[in-house]
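1. below: sequence and its predicted model.
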There are 2 protein chains.
Amino acid sequence: MRRFVIGSARNLIESSRQKYQFKRSILSSSYRFLSSSPAADSPSSSSSSSTMAHPVSLNTINPKVIECEYAVRGEIVTLAQKLQEEIQTKPDAHPFEEWTLGESVSFILSLRQYSPPLYFCSPWLNSNILYCNIGNPQSLGQQPITFFREVLALCDHPAILDKSETQGLFSADSIERAWQILDQIPGRATGAYSHSQGIKGLRDTIAAGIEARDGFPADPNDIFLTDGASPAVHMMMQLLIRSEKDGILCPIPQYPLYSASIALHGGTLVPYYLDEATGWGLEVSELRKQLETSRSKGITVRALVVINPGNPTGQVLAEENQKAIVEFCKQEGLVLLADEVYQENVYVPEKKFHSFKKVSRSMGYSEKDIALVSFQSVSKGYYGECGKRGGYMEVTGFGADVREQIYKVASVNLCSNISGQILASLVMSPPKVGDESYESYSAERDGILSSLARRAKTLEDAFNKLEGVTCNKAEGAMYLFPRIDLPEKVIKAAEAAKKAPDAYYCQRLLAATGIVFVPGSGFRQVPGTWHFRCTILPQEEKIPAIVTRLTDFHKSFMDEFRG
Amino acid sequence: MRRFVIGSARNLIESSRQKYQFKRSILSSSYRFLSSSPAADSPSSSSSSSTMAHPVSLNTINPKVIECEYAVRGEIVTLAQKLQEEIQTKPDAHPFEEWTLGESVSFILSLRQYSPPLYFCSPWLNSNILYCNIGNPQSLGQQPITFFREVLALCDHPAILDKSETQGLFSADSIERAWQILDQIPGRATGAYSHSQGIKGLRDTIAAGIEARDGFPADPNDIFLTDGASPAVHMMMQLLIRSEKDGILCPIPQYPLYSASIALHGGTLVPYYLDEATGWGLEVSELRKQLETSRSKGITVRALVVINPGNPTGQVLAEENQKAIVEFCKQEGLVLLADEVYQENVYVPEKKFHSFKKVSRSMGYSEKDIALVSFQSVSKGYYGECGKRGGYMEVTGFGADVREQIYKVASVNLCSNISGQILASLVMSPPKVGDESYESYSAERDGILSSLARRAKTLEDAFNKLEGVTCNKAEGAMYLFPRIDLPEKVIKAAEAAKKAPDAYYCQRLLAATGIVFVPGSGFRQVPGTWHFRCTILPQEEKIPAIVTRLTDFHKSFMDEFRG
């Protein structure tokens, strides 16, 4: 057994010595940590050219690109993928249980290799690895909503719309919807660039969906369709950030997209801390404190980012709390950047999603009073269509001249992908009572959402049963973010391994169980506290196994390190 | 008639005074030119708030965003859309021929309204407006390649793959290809985030396609799949540009994406002029001259952009010329950014497309010798799938550590859309001899390409018959870029109208004929020379009408202004 594990570590390194520079690059970068001769492993590779008089080197690229590094990378995921490859190449490989903890850990900690972003993850449904690290539902087996896919397929290949066989393959209302959408597209050309804000007819549909959701008017000309929410966030950061003197208030813990995009655009992240003790409460007093602190340092705070429902924290804001936040932004002249991509993911009866636009309008504030950007995506909700890259931002309260600038930035990339645009219109106008697809659609939707609620509760309870672990309820979104109090011995062991204690715990968990959590340090947290993020997305039948493996591991881990 | 036209100008302004701020913004910005009170037209609109203590105003946004403005906007397109709306709202509206030139022009020149990018264009197939301004084939009626759309539809809705009706609706090889592709996607989840470089199996296919094209090996790990070529270009600019002291050598005339992205990332565009007299020849002596000039000004030139086949110029580089360019980049330590999105669009037997990678490898240069990025897109070629936003860049000759940084930037947006990824793999591996779809596929492809070649020739000949106009051959790409020598009287009239002379000509042409060309000033040109860009994309049956209207207009225009 020992021989196997040591061998497997070697294999892992050898298997990486392959013909592709990129794989070599992974190693060379790891070797940089392990030896003093960076290019030693690849004398003839292009990677060595970076150490020669190459036109481009780490010393000559945009430092903002390097800067954004630490916020978006998760070593744990690469580690999981390496282990996965290892098991794949050895079909007869023993399950994790057979690994002896000490060895597997020594093997894991012997590596310092390339670390891709924590949300890069190629799923492996039937693997010993359980990916609980990323909000990528369909990668874990969630099925797409049939009606949405029917419409997308028909819009991709309209030639079959009037064929008789199509009636047998597609629902009547999906065919009807496809015709409606095609009629909204000039020349029915789903392969043409659209208006840079997105196809007008689809924006009309989305605006109608927002009106139905909020009970307040929405303007199709306020909608900017984008390839998912991320490019929309980048667009706003690009607009607002002039230099490192411009600050953006972001929640801590936060979703790494924000720290990454602020770094890429050369701004300053102004942190505000969510209060774990009150279920990740967002206190306006904390906002004000941080605002004043940063202003005293000469930072001009431009905007406030609020993620509701929260990622990674899962809280759903109360309407009163939202009103106070709107009031704060109005008073302080901040743009409110409302990340509302989890608006469909609410699991507790006592909480309800309210858009910030609805809240501000219900306070009697018009767009003259507050500048508000709401981000929505097709990647989350019950649909989870991450790969379609669809989303939009609703931009209100900006001057016409500034809006033109936002439009211009949008137009430099021509337009977002039309399938994503169509899907964004579909999630904002799903089948209605009476439509042929309504029953199957609502069964699919409710099945997914109720299952997610059960998974959230089961995992929350399991975490709270673990020694030293406390876990707030996931009221919404797709994650739990438990806090773990680690014995002093663990802190020391992690220190010795040059790891954050929560990263050390997650790597030990992975090595022992195959479960992938993301250490809280990837999201930032109150200094001295340790957490990990766990998605509630693994299919329901896998949850018991996760709970059992986790519980067993945690007990033995604590036994090992308890003072 | 006069009353109608003046009325129509008023209607145009009135019809824009609508409930949507964005439309209002169009006017308010036009009024900025027409009056001294910017907000006068919209006292109660949000646009006025931008003049109040608004958190965001033109004075407080990122100046780089404002900076990039002039390179990407084309007033002519908005003007065309306004005229189109005007005609749409008056179904009984007279054709252009009925307009009296003086009136239409006075009406047009009375406007100074909002100008969106020249490539934003909502097509209107049956309009009096002939959009010749944008490389958006399907917006002008070009049909997508059936096989590609079949595969996309099946991948969007795999549930129908094993249904019996599907056999009757889809070709056998499209079904087989869809299965192959789905098997390359972990969990067959087309709705999941992929690897941030794109699905590995699709990159394998693309690399194989590049190998087949070039006869030299390609590495799937060098491929970065992107939402069209534009985001890939942005990614490289973001990587290379640190400050305004970093320069990028770009051809003049150039495609505005380059000037826009360089401005957005805060760099300096270092122009090199293509030699119109030698068919838009690219002279290395000119490259060296401009390089040295900019270096003497303290600019660090990082990269050379080459667009081949050329946009807007249409030339196809000779292999010897390409070798000299590669040599130049190697000697001067420049990254070669090769825009090769028109690689399928070559119309003359004497010219052939050679990728810069093939050329550099054929010179015996490996990636240790030259840093090269090749951009490809699904938007051009014979497929013209602009709305699918698919494309890739092949990145070779960068150090492993720098490549990791490129990967990281890619990963901040998670991944490109999966349909676009699939389509990119399809255009690099279309049906082969023996496949059920091969005949129909090649008929569709050849039909489009041969028609484009005929259209290019017809338009080229027509331009060369016009007084004072000389037009190089469109050897490739999708455009002609004729030069027009304008009488002194035109220069004066344009000056009086505060327009570039070529912009003045294009607006007069539009007003008189409904034909939309883009003035050369939008692409930059040798100072004192005037051009316009005309796509060869209008459907073939419309070409004669374009030629006739153009010829008639040009004659009367020259008669009006001839000294």
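-> Noted; the coordinates are in hand. Values in this document were obtained by computation on a predicted structure and should not be read as measured data.

2. all contacts plus neighbour counts: C-alpha atoms, from now on.
-> Fine.

3. show me where chain A has strands.
-> Counting by DSSP state E, the segments of chain A that form strands are A:130-131, A:223-226, A:246-252, A:268-273, A:300-307, A:335-339, A:372-377, A:391-396, A:469-470, A:479-480, A:483-484, A:515-516, A:518-519, A:532-535.

4. in CSV: these, plus mean pLDDT and mean neighbour count.
-> Rendered in CSV, the data for those read as follows (pLDDT from 0 to 100; neighbours: other C-alpha atoms under 10 Å in any protein chain shown):
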stretch, mean pLDDT, mean neighbour count
strand A:130-131, 83, 26
strand A:223-226, 98, 29
strand A:246-252, 97, 24
strand A:268-273, 96, 22
strand A:300-307, 97, 24
strand A:335-339, 98, 24
strand A:372-377, 98, 26
strand A:391-396, 98, 26
strand A:469-470, 96, 18
strand A:479-480, 96, 28
strand A:483-484, 96, 22
strand A:515-516, 90, 24
strand A:518-519, 90, 28
strand A:532-535, 93, 25
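
5. quickly check: the longest helix belonging to chain A near chain B or not.
-> Determined from DSSP state H, the single longest helix within chain A is helix A:438-464. No - with C-alpha under 8 Å from any C-alpha of the partner chain as the threshold, helix A:438-464 lies outside contact range of chain B, at a closest distance of 14.6 Å.

6. circling back to that earlier point, need the strands of chain A in TSV with distance to chain B, can you?
-> Formatted as TSV, the strands of chain A follow (distance: least, C-alpha to the nearest C-alpha, whole Å):
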stretch	distance to chain B
strand A:130-131	13
strand A:223-226	10
strand A:246-252	10
strand A:268-273	14
strand A:300-307	7
strand A:335-339	7
strand A:372-377	11
strand A:391-396	9
strand A:469-470	31
strand A:479-480	17
strand A:483-484	26
strand A:515-516	17
strand A:518-519	17
strand A:532-535	15
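
7. who wins for proximity to residue A:77 among these?
-> Ranking the strands of chain A by distance to residue A:77, with C-alpha to C-alpha as the measure, places strand A:515-516 first at 7.2 Å.

8. so what touches that closest one?
-> Residues outside strand A:515-516 that contact it (C-alpha atoms under 8 Å, 6 or more residues apart in numbering or on different chains): A:76-77, A:80, A:129-133, A:506, A:509-510, A:534, A:546, A:550.

9. so how far is that strand off the chain centroid?
-> Using C-alpha atoms, centre = their mean, to the nearest Å, the distance from the centre of strand A:515-516 to the centre of the chain it belongs to is 17 Å.

10. just give me the neighbour total for residue A:296.
-> The number of residues packed near residue A:296 is 10, by other C-alpha atoms under 10 Å in any protein chain shown.

11. cool, and the one 3 residues further on?
-> Each residue near residue A:299 was counted by other C-alpha under 10 Å, and the total is 20.

12. skipping adjacent residues, who's closest to it in space?
-> The spatial neighbour of residue A:299 that comes closest, neighbours along the chain excluded (C-alpha to C-alpha, 6 or more residues apart in numbering or on different chains), is residue A:245 at 4.8 Å.

13. make sure the one you found is actually in contact with residue A:267.
-> Yes - counting by C-alpha atoms under 8 Å, residue A:245 sits close enough to residue A:267 to count as a contact (6.7 Å).

14. show me which of those two is the more surrounded one.
-> Regarding residue A:245 and residue A:267, a neighbour count based on other C-alpha under 10 Å identifies residue A:267 as having more, with 24 against 17.

15. which pLDDT value goes with the more buried one?
-> We have a pLDDT of 96 for residue A:267.

16. how close does the closest residue to it other than its chain neighbours get to chain B?
-> Here the nearest residue to residue A:267 in space, its sequence neighbours aside, is residue A:244; by C-alpha to C-alpha, 6+ apart that works out to 4.2 Å. The spacing between residue A:244 and chain B, counted by C-alpha to the nearest C-alpha, to the nearest Å, is 12 Å.

17. contacts only, for residue A:244.
-> With C-alpha under 8 Å, 6+ apart, residue A:244 has these contacts: A:266, A:267, A:268, A:299.

18. and which of the residues you listed is nearest to residue B:186?
-> Nearest to residue B:186 out of those is residue A:266 (C-alpha to C-alpha; 35.9 Å).

19. the closest one touches residue A:241, doesn't it?
-> Yes - with contact taken as C-alpha under 8 Å, residue A:266 and residue A:241 are classed as touching, separated by 7.1 Å.

20. between these two, which one's more packed in?
-> Counting neighbours by other C-alpha under 10 Å for residue A:266 and for residue A:241 shows that residue A:241 has the greater number, 26 against 23.

21. what about residue A:367, how many neighbours?
-> By other C-alpha under 10 Å, the residues close to residue A:367 number 20.

22. that one is in contact with residue A:399, isn't it?
-> No - with contact defined as C-alpha under 8 Å, residue A:367 does not count as touching residue A:399 (9.4 Å).

23. show me what from the stretch 201-350 of chain A comes close to chain B.
-> By C-alpha under 8 Å from any C-alpha, the residues of the stretch 201-350 of chain A that approach chain B are A:219, A:221-222, A:227, A:230-231, A:238-242, A:257, A:260-261, A:302, A:333-335.

24. hmm, residue A:203 and residue A:220 touching each other?
-> Yes - between residue A:220 and residue A:203 there is a contact at 4.9 Å, judged by C-alpha under 8 Å.

25. which residue packs closest to the residue of the stretch 451-563 of chain A found nearest chain B, ignoring adjacent ones?
-> Taking C-alpha to the nearest C-alpha as the measure, the point where the stretch 451-563 of chain A comes nearest chain B is residue A:537, at 12.6 Å. Nearest residue to residue A:537, sequence neighbours excluded (C-alpha to C-alpha, 6+ apart): residue A:137, at 5.9 Å.

26. so which residue is dead centre in chain A?
-> For chain A, residue A:135 is the residue whose C-alpha lies nearest the centre (C-alpha atoms, centre = their mean; 5.5 Å).

27. please report phi then psi for it.
-> phi -80, psi 70 (degrees, to the nearest 10).

28. tell me which helix or strand of chain A sits lowest on mean pLDDT?
-> The helix or strand of chain A with the poorest confidence is helix A:21-34; it has a mean of 30 (mean pLDDT, DSSP states H and E).

29. state the number of residues packed around residue A:90.
-> 11.

30. revised request: answer the last question for residue A:277.
-> Each residue near residue A:277 was counted by other C-alpha under 10 Å, and the total is 8.

31. read off the pLDDT value for it.
-> 93.

32. cool, and residue A:2?
-> The predicted local confidence for residue A:2 comes out at a pLDDT of 37.

33. pretty sure residue A:405 contacts residue B:66?
-> Yes - counting by C-alpha under 8 Å, residue B:66 is a contact partner of residue A:405 at 6.9 Å.

34. measure residue A:140 to chain B for me?
-> If you measure residue A:140 against chain B using C-alpha to the nearest C-alpha, the figure is 8 Å.

35. ok, the closest residue to that residue other than its chain neighbours - contacts?
-> Spatial nearest neighbour of residue A:140, chain neighbours left out: residue A:538 (5.7 Å); criterion: C-alpha to C-alpha, 6+ apart. With contact set as C-alpha under 8 Å, 6+ apart, residue A:538 has these partners: A:130, A:131, A:132, A:137, A:140, A:141.

36. what bridges to the second one?
-> It stands for residue A:131. Following DSSP bridges, residue A:131 is listed with bridge partners residue A:516.
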